[in-house]
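**Student:** here you go, sequence then predicted model.
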Amino acid sequence: MINNIINTVKHIPIEGITYKQLKVEKKPLTPEYVPPPPELVPAENRSVCIDPSRTCMPLGAMWATLGVHRAIPFVQGAQGCTTYVRYTFARIFREPTLIANASFHEDAAVFGGRKNLIRGVRNLVCRYQPDLIAIVTTCSSEVIGDDIPSFLADALDVMEEEMGPEVRDLVKFVIVNTPSFAGSHVEGYNRASREFLKTLAKKTGQTTEDIYFIPGMMMPGDIKELKHIFELMDISYHILFDISDTLDCPLVGMPQSIPCYPPGGTRVEEFIRAGDAKAIFALSPDAGSAGAKWLERRYKVPAFVQTMPIGVKNTDNFIKKLAEVSGRGIPERLRWERGILLDAMADTLHYTMMKRVAICGDPDFVAGATRFVCELGMIPTYILIGTKSRTAYQTIKEVCDEYGYEPVIMNGSDQFEWEYALKHDIPDVIVGHSRCVSISKEIQVPLVRFGFPVYDRVGYQREPIVGYRGGERFLARIVNAILDYHYPDDRVHQ
Ligand code: SF4
């Protein structure tokens, strides 16, 4: 048998093979392509999900934790639940990430993860001296029924015995329950936003002028763009889960020394003072509004949930609301930036006008981008919201009604259904994440990458798409993709 297999392997010369010779042949399993039965194309008619446009819940909670200074997520589950997240982060941000794992094996599956949590947390505290540990559960620990609060209490007792009572004040703990079968990474971030505030926020009764922001799963470049806006408006701000200087920073200190933390991230004290905030904004309704609403309910801090500020109107709405809440005027510089975006849109309208666009991604990104493409004169055709969301669906519906378009909105469906539609009704442009590369190549349509995850472009994480300046860059990417694909190489039409 083994000889048969060896004989079928092509001979490789001793000096190796050239790139030209390197060709992977994909052989179909059946001699002819068998199209799927039409009734099985809609995801709601199937009991399986094919090519989901989302990933698992703990990832969102880990993402949020990595935006906190000297914080480490401790994943209560098997190593795989952490490995692929670290791999995803490394591909997107090109930065190392500190994520600890309880290392579940067969015994944990039978007896629960108590021992793993106690030992893991103790080791983490001894070796890394973090300010905060977020205990992020996984499918397995949730199914087993791990009683995390009681395990944590036991871990604190063990550490107190060994290190003294001070250890209780040295490290803060936040428990985020993220059973992946109950939602996606978007919900994981949303839950983390609530649990961090629930566990840490306090109210002294002395309201400050500070305004808090929960950005959602924006890139470091987007958060830097938000900071630019706040500084122009002279706002006293705190960004919760601020990954801008933890997942995009030079390698400071000795990376081989332990502990080695990036200098950025939201401080634990900022969470503690959140109860005294003047207001809190959630800039991604599906990823972060739970935290903002909790703060409003518990401490009466006014919460404002905004559509992600992508494009002109979404940014206008955000800035107007911010000016109203903060009592600050809108500076001339911001009006100028808005003018530049409008100018860029007018300059390129003949390229974007009437172009049919298919969109795919997380609800907050898709909802923000739909309005922007409509502002560019494009026609949305098939919109895939990777994680089911009533808010995003409503926003998209309202925008499309306003512009008179009737796209097919696949709310919480999978890429199989969306791609099937695209193959039968080819758009001019696709706006989506890196997992849309295959369909873009197959139907020969340009892909403008945006949202989560984008791992096949260097520097994407530093380029904002929010705010007026972000809109200008997003527009440039859309137009350049159209130019590359839809105009002849001699460029006479440009
Ligand atoms: S889906 Fe569940 S088991 Fe799989 S990686 Fe995510 S948390 Fe772990």
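**Tutor:** Received it, and whenever you're ready, just let me know what you need.
**Student:** now Ser184, nearest residue through space, not along the chain?
**Tutor:** Once flanking residues are discounted, Ser184 sits nearest to Arg54: 3.8 Å by C-beta to C-beta, 6 or more residues apart in numbering. C-betas here are computed from N, CA, C, even on glycine.
**Student:** list the contacts for the one you found?
**Tutor:** Neighbour list for Arg54: Ser184, His185, Val186, Asp362, Gly386, Thr387 [criterion: C-beta atoms under 8 Å, 6 or more residues apart in numbering].
**Student:** with Ala303 instead?
**Tutor:** Ala279, Ile280, Phe281, Ala282, Ser289, Ala292, Lys293, Leu295, Glu296.
**Student:** give me the distance between the third one and the ligand.
**Tutor:** Read that as Phe281. Separation of Phe281 from the ligand (C-beta to the nearest ligand atom, to the nearest Å): 30 Å.
**Student:** now swap in the last one and tell me
**Tutor:** Plainly put, Glu296 is 30 Å away from the ligand if you go by C-beta to the nearest ligand atom.
**Student:** for that residue, helix, strand, or coil?
**Tutor:** Secondary structure state of Glu296, per DSSP: H, G, I helix; E, B strand; the rest coil, is helix.
**Student:** near the ligand, which residues of the stretch 151-300 of the chain show up?
**Tutor:** Neighbours of the ligand within the stretch 151-300 of the chain, by C-beta under 6 Å from any ligand atom: Ser180.
**Student:** what pLDDT does the residue of the stretch 251-400 of the chain found nearest the ligand get?
**Tutor:** Residue nearest to the ligand within the stretch 251-400 of the chain (C-beta to the nearest ligand atom): Thr387, separated by 13.9 Å. We have a pLDDT of 97 for Thr387.
**Student:** ok, it touching Asp362?
**Tutor:** Yes: checked against C-beta atoms under 8 Å, the pair Thr387 and Asp362 is within contact range at 6.1 Å.
**Student:** output the below-cut-off pLDDT ranges for the stretch 251-400 of the chain.
**Tutor:** The stretch 251-400 of the chain contains residues with pLDDT under 70 at 253-256.
**Student:** quick one, strands of it?
**Tutor:** Using DSSP state E, counting those that start in this stretch, the strands of the stretch 251-400 of the chain run over 279-282, 303-305, 356-361, 379-385.
**Student:** got the contact list for Phe89?
**Tutor:** Under the contact definition (C-beta under 8 Å, 6+ apart), the residues listed for Phe89 are Met62, Trp63, Leu66, Glu95, Thr97, Leu247.
**Student:** now the two most distant members of those.
**Tutor:** Greatest spatial distance in the contacts of Phe89: Met62 and Glu95, 13.4 Å, computed using C-beta to C-beta.
**Student:** more neighbours, those two?
**Tutor:** More crowded of Met62 and Glu95, by other C-beta atoms under 10 Å: Met62, with 29 against 17.
**Student:** quickly find the element holding that one.
**Tutor:** Here Met62 sits within helix 57-65, counting by DSSP states H and E.
**Student:** return the set of buried residues in that helix.
**Tutor:** Using 16 or more other C-beta atoms under 10 Å as the test for burial, helix 57-65 gives Met57, Pro58, Leu59, Gly60, Ala61, Met62, Trp63, Ala64, Thr65.
**Student:** got it, and stretch 336-350?
**Tutor:** For stretch 336-350, a neighbour-count test (16+ other C-beta under 10 Å) marks Glu337, Arg338, Leu341, Ala344, Met345, Thr348 as buried.
**Student:** in TSV: those, plus distance to the ligand.
**Tutor:** Output for those, formatted as TSV (distance: C-beta to the nearest ligand atom, whole Å):
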residue	distance to the ligand
Glu337	40
Arg338	41
Leu341	39
Ala344	41
Met345	41
Thr348	41
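**Student:** so which of the residues you listed sit within helices?
**Tutor:** Glu337, Arg338, Leu341, Ala344, Met345, Thr348 (DSSP state H).
**Student:** give me the phi and psi angles of the residue in the stretch 201-350 of the chain that the ligand sits nearest to.
**Tutor:** Relative to the ligand, the nearest point of the stretch 201-350 of the chain is Met217 (16.4 Å; C-beta to the nearest ligand atom). Taking degrees, to the nearest 10, you get phi -90, psi 50 for the backbone angles of Met217.
**Student:** brilliant, that's me finished.
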